[in-house]
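Peer 1: coords below, sequence missing:
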């Protein structure tokens, strides 16, 4: 078979036979090229990634793809200058249609609007970075030119069909410095609704994100937010600044840290947030994370971990910081069943005084367990239970179990009929 060598995909339209080696999607960029074969009888839809028109409009040039689809194969410049948001959104759609994963090259890709992800697509960069490292991250998705919104966003349509979530790995995401809502990655929206009928967004299944350095630029943004999500895991991520590091809104059987600890630092109030919506928000877990040093604005600071889920486990996290207005390390604001166990809580009002309450629990609860929580080198303030009813609903007893919490940690729990 005759093989032609051309400098860019623009030259394919002048050829109509054999095979072609494309050096680069855009001329002189050395990105997005590859081997193409001419198929004379094909009338496949041209997609600008893997299928291109031939000379005279007859036949198609088809990319010989043996692995992941790289975003530069769909026209992303990935030069830190051109806006690649449209090319990335299109690449997600093509990858979904081909049932292949999507890759990002090393270097910087600039996006000036939200990238619309696609169901079930796995997106991988070449590696992440961390605050303070003098070397740049291997792959950076730079959304600093965005006016608002989420760098990566995906919504389940209204209806009664589950959607397999897109998944993200190995990159840095930089958000806009504009003081507008948004963040790094969102699956579904709070406004999408929380019902099991066609009037609401339906379940986002298996959202996963690992080894993402989410570099938030102001206090209005959230690192990772998942609404009406089910059975996913957010692990080994590094999230700095922002309003919340991770927020689960009405999501069931989700885990923050099951695959390895997240590091969340310098955010606002609260760094991890769990919220129920109606009957949604069950069996969530926050396990083994580093929840560190929020920014101190000398204002009232509710908690490092805010838990309004219906049921949850908060286990083996390291929670550390000094804030003059801090009220608690963990605030459990409702629900049925909660377990707070084995956490290391080094939360101080100043350099010598512990937070007034290591735990605030509003209740009442069906079953609440708090055991073996400690503080390295400090004294835990007592727990605070704001509702001491002996029952959950006038019928079901409120059962509270506690023990082994360091220093004053076992003080403040209800006694008598509700214990």
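Peer 2: Cool, got the structure. Everything numeric in this text was worked out from a predicted model, so none of it was measured.
Peer 1: Please name the nearest non-neighbouring residue to residue 164.
Peer 2: Closest residue to residue 164 apart from its sequence neighbours, by CB to CB, 6 or more residues apart in numbering: residue 120 at 4.0 Å. Heads up, the C-betas are built off the backbone N, CA and C, glycines and all.
Peer 1: So that neighbour belongs to a strand, correct?
Peer 2: No: counting by DSSP: H, G, I helix; E, B strand; the rest coil, residue 120 is not part of a strand but coil.
Peer 1: isn't it right up against residue 97?
Peer 2: No: contact criterion CB atoms under 8 Å: residue 120 and residue 97 do not qualify, at 10.9 Å.
Peer 1: quick one: low-confidence parts of the protein?
Peer 2: By pLDDT under 70, the low-scoring segments of the chain are 1, 416-419.
Peer 1: Find me whatever residue is spatially closest to the most centrally placed residue in it, sequence neighbours aside.
Peer 2: Nearest to the geometric centre of the chain sits residue 224, at 3.0 Å (CA atoms, centre = their mean). Closest residue to residue 224 apart from its sequence neighbours, by CB to CB, 6+ apart: residue 246 at 4.9 Å.
Peer 1: is it true that that neighbour touches residue 234?
Peer 2: Yes: taking CB under 8 Å as the definition, residue 246 is a contact partner of residue 234 at 5.9 Å.
Peer 1: What ranges does the stretch 151-300 of the chain have for its helices?
Peer 2: Counting by DSSP state H, counting those that start in this stretch, one finds no helices in the stretch 151-300 of the chain.
Peer 1: and stretch 347-359, how far from the chain's centre?
Peer 2: Averaged C-alpha coordinates place stretch 347-359 at 30 Å from its chain's average position (CA atoms, centre = their mean, to the nearest Å).
Peer 1: just stretch 53-61 next, same as before
Peer 2: Distance, stretch centre to chain centre, for stretch 53-61: 42 Å (CA atoms, centre = their mean).
Peer 1: Give me the contact list for it.
Peer 2: Counting by CB atoms under 8 Å, 6 or more residues apart in numbering, stretch 53-61 makes contact with 12-16, 20, 36-44, 46, 51-52, all of which sit outside it.
Peer 1: Could you do stretch 72-83 as well?
Peer 2: Contacts of stretch 72-83 (CB under 8 Å, 6+ apart): 25-26, 29, 31-32, 34, 48-50, 63, 65, 71, 84, 87-88, 90-91, 94, 104-105, 107-113, 142, 145.
Peer 1: Just those: which are in strands?
Peer 2: Among these, the members falling in strands (DSSP state E) are 34, 63, 107-110, 142.
Peer 1: Same list, those residues, but as JSON lines with neighbour count and distance to residue 361 please.
Peer 2: Converted to JSON lines, those look like this (neighbours: other CB atoms under 10 Å; distance: CB to CB, whole Å):
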{"residue": "34", "neighbour count": "19", "distance to residue 361": "58"}
{"residue": "63", "neighbour count": "20", "distance to residue 361": "58"}
{"residue": "107", "neighbour count": "16", "distance to residue 361": "48"}
{"residue": "108", "neighbour count": "18", "distance to residue 361": "46"}
{"residue": "109", "neighbour count": "27", "distance to residue 361": "45"}
{"residue": "110", "neighbour count": "22", "distance to residue 361": "46"}
{"residue": "142", "neighbour count": "20", "distance to residue 361": "42"}
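Peer 1: Quick check: the farthest pair among these?
Peer 2: Longest distance between any two of those is 26.9 Å, between 63 and 142; criterion CB to CB.
Peer 1: what sits in contact with each of residue 246 and residue 234?
Peer 2: Shared contacts of residue 246 and residue 234, counting by CB under 8 Å, 6+ apart, come down to 224, 256, 262.
Peer 1: What about these, which are in strands?
Peer 2: Among those, the members found in strands (DSSP E) are 224, 256.
Peer 1: so how many other residues sit close to the nearest residue to residue 85 once chain neighbours are set aside?
Peer 2: In space, and not counting its chain neighbours, residue 85 is closest to residue 111: 4.0 Å by CB to CB, 6+ apart. Using other CB atoms under 10 Å, the number of residues around residue 111 comes to 24.
Peer 1: check contacts around residue 111.
Peer 2: By CB under 8 Å, 6+ apart, the contact set of residue 111 is 83-85, 88, 141-143, 145-146, 151.
Peer 1: Of all pairs in those, which one is the farthest apart?
Peer 2: 88 and 145 (13.9 Å).
Peer 1: Looking at these two, which is more packed in?
Peer 2: Legend: neighbour count by other CB under 10 Å for residue 88 and residue 145, higher for residue 88 (26 against 14).
Peer 1: I'd like the distance between the more buried one and residue 131.
Peer 2: Residue 88 is 25 Å from residue 131, where distance means CB to CB, to the nearest Å.
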